[in-house]
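A.B. asks: The following comprises the amino acid sequence and a computationally predicted model.
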Amino acid sequence: MEKILNQEKLREWVDMLDDCEVYAPAFADSVWNFARIEAGTDIDLSHTNTIGSVKEFVFPQREVFFRFEKKDGVPVLTPTLPDPKPTVVFGVRPCDGRGMPRNDTVFNKEFVDPYYWARRDKLTLIGLACNLPHSPNCFCQSVGGSPHSEDGLDVLMTDLGDRFHVKGITVKGVEAMERGRDAFDAVRDGDQAEVEKVHDTSRSFPQRPLGNLDAIPEAIRENFDSPLWADMAQHCIGCGICTFLCPTCHCFDINDEVISPTTGEGERVRTWDNCQFPDFTMHTSGHNPRADLGSRLRQRVSHKFLYFVENHKTQQCTGCGRCITECPVGIDIVAVLERVSQ
């Protein structure tokens, strides 16, 4: 399904999704991030990429698996499987969209994660193609994507100035468009040619190159024990920004948090973990196989460009550039890969 949506009718479409929780980019505290759209709130899709990714809608930073307590000396467990309302997210950039199939693979491979899929099955992603690069650190095309990739999105919108070209990609996407059918117009003569021109122009902007992507896994293997890793990681402060903002990083920890020692009441909680933290691979013996910054940087790069390729036949990085832009000490994953490859 392909339609035209005049810019002033975007709010009308959103209002027709009245039984859904609707999110869109909003500018606050000097950054763009996704925020809940309340009734009557205008939507501004002039955003650069959001600082947070859409993975948070399906894989929250903290979630309770179940609650436990003792009643008459007997342990009682209360499951907390989520049952969210249908959620629609507008303004998802294609690099974030490409992250979702990678996350789907992780949480649906050897074990199906019911907490993830309870949210994922009710999530609709309305993508917005990039007409211009939003950062000098964008490199989606270097990892097989594009500024108008449809991968992982349910709908792709392309900004044509006074109107959007709106394309339904999945069943969920077409359903969302059907809900707002009265807001849409038919595609006119010349609209498709204009869309193709916008897409061609967006692809023509230079991006950070990665060279031969297929050769990177072997370069990492060959340089596994190189002192290069320690040299490149010497400024790292272990803050974890690079992985927490990444649309595909998915490592987590599970802990039992006791609320009341008297009643034995507590919660089993999953929280994001981070391979750049010193205790990420700490053994109970006290031994840490990745005790230094260099080995932890190697782990992050290897996970994305070696191990994920071996396990899932694609690299884990989508080229959003957040980890470069937001790193407080300037560690640059593209530069790291260039040095390893050389």
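C.D. replies: In hand now; what should we look at?
A.B. asks: need the strands for the stretch 201-342 of the chain, in chain order.
C.D. replies: For the stretch 201-342 of the chain, the strands defined by DSSP state E, counting those that start in this stretch cover 252-260, 265-272.
A.B. asks: What are the boundaries of the helices in the stretch 101-250 of the chain?
C.D. replies: Per DSSP state H, counting those that start in this stretch, the stretch 101-250 of the chain carries helices over the ranges 114-120, 171-179, 191-204, 216-222, 228-232, 241-244.
A.B. asks: The second one: which residues count as buried?
C.D. replies: Along helix 171-179, the positions that meet the burial threshold by neighbour count (16 or more other C-beta atoms under 10 Å) are 172-173, 176-177, 179. (Glycine included, C-beta is placed from N, CA and C.)
A.B. asks: how far away is the closest residue to Gln141 other than its chain neighbours from Asn49?
C.D. replies: Of all residues beyond its chain neighbours, the one nearest Gln141 is Gln207 (5.3 Å), with distances taken as C-beta to C-beta, 6 or more residues apart in numbering. In this structure, Gln207 and Asn49 are separated by 14 Å, where distance is defined by C-beta to C-beta, to the nearest Å.
A.B. asks: same deal with His235?
C.D. replies: Here His235 is placed at a distance of 24 Å from Asn49 (C-beta to C-beta).
A.B. asks: So between these two, which is more surrounded?
C.D. replies: When His235 is set against Asn49 and neighbours are counted by other C-beta atoms under 10 Å, the residue ahead is Asn49, at 24 against 11.
A.B. asks: ok, the more buried one touching Arg322?
C.D. replies: Yes: the pair formed by Asn49 and Arg322 meets the contact definition of C-beta atoms under 8 Å, at 7.2 Å.
A.B. asks: before we move on, the earlier item: the residue nearest to Gln141: neighbouring residues, count only.
C.D. replies: Under the criterion other C-beta under 10 Å, the count of neighbours that Gln207 has is 20.
A.B. asks: same deal with the one 3 residues further on?
C.D. replies: Neighbouring residues of Leu210 were enumerated by other C-beta under 10 Å; the total is 22.
A.B. asks: Is Ala24 within a helix or a strand, and which one?
C.D. replies: strand 21-28 (DSSP states H and E).
A.B. asks: Tell me which residues of that strand come out buried.
C.D. replies: Here strand 21-28 shows 21-26 as buried, counting by 16+ other C-beta under 10 Å.
A.B. asks: Repeat that for stretch 329-342.
C.D. replies: Going by neighbour count (16+ other C-beta under 10 Å), the buried part of stretch 329-342 is 331-334, 336-337, 339-341.
A.B. asks: quick one: contacts of it?
C.D. replies: Taking contacts as C-beta atoms under 8 Å, 6 or more residues apart in numbering, the residues outside stretch 329-342 that touch it are 137, 139, 142, 208, 210-212, 215-216, 219-220, 223, 226, 228, 232-233, 235-237, 242, 297, 300-301, 304-305, 317, 323-324.
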